[in-house]
Each structure stands twice: as C-alpha cells, then as structure tokens.
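**Q** predicted coordinates and the sequence they were generated for:
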Amino acid sequence: MRLDEITITKAIVERYFERLMDNLEIDVAIVGGGPSGLVAGYFLTKAGHRVALYERKLSVGGGMWGGGMLFNEIVVQEEARRLLDEFEVRTVPYEEAGYYTASSIESVSTITSKAVKAGLSIFNCMSVEDVVVKNDRVSGLVINWTAVSMAGLHVDPLSVGSRFLIDATGHDTEIVTMIERKAPGKLATSTGNKEGEKFMNPQEAEKLTLENTREVFPGLYVTGMACNATFGGPRMGPIFGGMLLSGEKVAHLILKELAR
Ligand code: 48H
C-alpha cells in the first residue's frame, strides 16, 4: 500500500464535514465538556437522540483532570458511586464511610469514551459565543473556532439549530450570562438574573446542585457548577458526585420533554 498525503487530507476533511452537516439541526446542544456535560451527553445519546457537545478547549474533561489542586484523584460520595460503576470507572472506598476516590485521568477518559461510543458528537476547539432565541425560547447556538477568538480576529460565526440547550460551562455559566445580558430579568431565578456562586460548603452545595439542575429560560437548562452559580448556591470543592448526578438529572429532564 502506498500512502498519499492528499488521500489522508481528503479522508479527514470529508469525515469531519459529514459529521458537521449531520449536526446542524439537533435535539440537544451541550455547551461545555466537563464532567456534567459529558454525563448528560452520554444519557441523551444512549436514549437515541441527536446530541452534540461543544468544547472550547482542545481536550474535554474541564476541571476534572486536575482533581484537587492538581492532585489527580477525585472524591465522590456514596450516592454517585453507581454512576462511576455504570461508566466502569474504578472506585476505592476511603477509610471514612461513604467517601470514594477515583483516578481523575481514568474518570475523564472513560466517561468520554463511553459517551462518544454511545453516539455523542464532540466538537472541540469550538466556542459558543451566542445563542439564538426565537419567540422567547432558545432555538440554537452561535459557534466559532476558539482559535479565532484567541487570535482576536474579526470573523463572523456560524449557527446550529437545537431544540434544547444545556449550559455546562462550569463556574462561568457563560450561556446563562449571555441570556441575562440580552434579556435582563427573564431568567427563572428569584431575581430574574444570575444569582452568583457562594462560599464553599460541600454538604449544602452538593444538595443544591441537584435541586438547581433545571430549566432556567425556555429551552435552556443548567447542569454542574453552572447550577449553583445561576441560582445562588455554594461551591463544593473537588468532590464530583454532584457534577455526575446533575448531568444524569438534566438528561432525564430533557428526555421527558423530548418524549412529549
Ligand atoms: C464552549 C465552553 C464555553 C463556551 C466554557 O468547569 P467544568 O469542568 O464544568 P462542570 O460544571 O461539568 O464541572 C465543574 C467542576 O469541574 C468544578 O469546577 C468543580 C466541581 N468545582 C468546585 C469548586 O468549588 O471549585 O467544564 C466546563 C467546560 C470547560 O471545559 C470549558 O472549557 C467549557 O466548559 N466552556 N465551551 N463554549 N462558551 N465556556
């Protein structure tokens, strides 16, 4: 077999564009490839829906790679261990009952692998820079290459249509912030605006993360760290059970809507 650089190039370009074209009108768009976004993507695609995840960086995994302060171990609590079991991520019980540890490297790589094999399309190095809102409901997103924004180039973006949108952008809660900026007072929070993340308190934060995993604007849901940042709950530090459970919950909430 003779290897040819033009065939290699054609193969990459054709395959990528096929996937891009297949994902221009989708059921669910997930912004952010941290733990919550990946778990949501896994459950939604496993249920047979067309789902794409957009990640600004070259690699997915968000804040999970770094464990706590670059010590690449994560902690999950009893309630979330079944999710790591489902993904076949190995956990080790800690001496204190109810706490488990897992390798952050194994967690990110295994959850990503399961999500992609379930059918999730991941577009990395793409940033969501705006949303499309029609008749007071989100109906799509506006994307551009991260390299374009990093270089400060003035390049107009492209759009993707999506029935539902998930803000899984972590602490920055970028999609909710975009809505708040263009439609102030319209969020489903007590003030109508973003409430902001509060001081660290793992006990309270993990509980509230799940409670705050919900629709915040018609068609837009929050998951993961974005939940407490939107609805005004504390941060939890490097415990990841709430992120995984929130990803599962947002998927189930949207699955119910898609089944209507
Ligand atoms: C495309 C974007 C955009 C954009 C951001 O921060 P993440 O890991 O998010 P979560 O919520 O799944 O997990 C949070 C967790 O990692 C964490 O930080 C915890 C538990 N902290 C506790 C504490 O007390 O500090 O991932 C978000 C991802 C990142 O990879 C971003 O690059 C990406 O979203 N992203 N992608 N377009 N506009 N904005």
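**A** Right, received. Where do you want to start?
**Q** so residue 230 sits in a strand?
**A** No: per DSSP: H, G, I helix; E, B strand; the rest coil, residue 230 lies outside any strand segment and is helix.
**Q** so for it, what's the pLDDT?
**A** We have a pLDDT of 98 for residue 230.
**Q** which residues are in contact with it?
**A** Residues counted as contacts of residue 230 (C-beta atoms under 8 Å, 6 or more residues apart in numbering) are 167, 173, 176, 187, 189, 194-195, 212, 216, 222. Yep, even glycine has a C-beta here, placed from its N, CA and C like the rest.
**Q** residue 32 is in contact with residue 57, isn't it?
**A** No: assessed by C-beta atoms under 8 Å, residue 32 is found out of contact with residue 57, at 9.8 Å.
**Q** more crowded one of the two?
**A** Taking neighbours as other C-beta atoms under 10 Å, residue 32 and residue 57 compare with residue 32 leading, 30 against 14.
**Q** for that one, phi and psi?
**A** When read as degrees, to the nearest 10, the backbone of residue 32 gives phi 110, psi 130.
**Q** and the nearest residue to it once chain neighbours are set aside, how far is that from residue 232?
**A** Counting by C-beta to C-beta, 6 or more residues apart in numbering, the nearest residue to residue 32 once its immediate chain neighbours are dropped is residue 168, at 3.7 Å. Residue 168 is 18 Å from residue 232, where distance means C-beta to C-beta, to the nearest Å.
**Q** more neighbours: which of the two?
**A** residue 168 (35 against 16).
**Q** check the gap between that one and residue 186 for me.
**A** 21 Å.
**Q** neighbours of residue 195, just the number please.
**A** 16.
**Q** where does this structure come near the ligand, residue by residue?
**A** 31-37, 54-57, 62-64, 127-128, 168-172, 174, 200, 224-226, 235-237, 240, 243 (C-beta under 6 Å from any ligand atom).
**Q** among those, name the ones in strands.
**A** Among these, the residues falling in strands (DSSP state E) are 31, 54-55, 127-128.
**Q** all helices for the stretch 101-250 of the chain, in order.
**A** Ranges of helices in the stretch 101-250 of the chain, per DSSP state H, counting those that start in this stretch, are 104-118, 146-150, 174-182, 202-211, 225-231, 241-258.
**Q** what's the closest of these to residue 136?
**A** Each of the helices of the stretch 101-250 of the chain has some distance to residue 136 by C-beta to C-beta; the shortest is helix 174-182, at 10.7 Å.
**Q** what's the neighbour count on residue 138?
**A** If we define neighbours as other C-beta under 10 Å, then residue 138 has 23 of them.
**Q** who are the contact partners of it?
**A** Residue 138 touches 131-132, 162, 164-165, 179, 217-220, counting by C-beta under 8 Å, 6+ apart.
**Q** mind redoing it with 6 Å?
**A** Applying C-beta atoms under 6 Å, 6 or more residues apart in numbering, one finds that residue 138 lies in contact with 131, 165, 219-220.
**Q** now render those residues as CSV, adding neighbour count.
**A** Output for the contacts of residue 138, formatted as CSV (neighbours: other C-beta atoms under 10 Å):
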residue, neighbour count
131, 25
165, 28
219, 20
220, 23
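**Q** tell me which two of these sit farthest apart.
**A** Between any two of the contacts of residue 138, the greatest separation by C-beta to C-beta is 9.3 Å, found for 131 and 219.
**Q** most surrounded residue in the contacts of residue 230?
**A** Ranked by neighbour count (other C-beta under 10 Å), these have residue 167 at the top, with 33 neighbours.
**Q** alright, that wraps it up for me.
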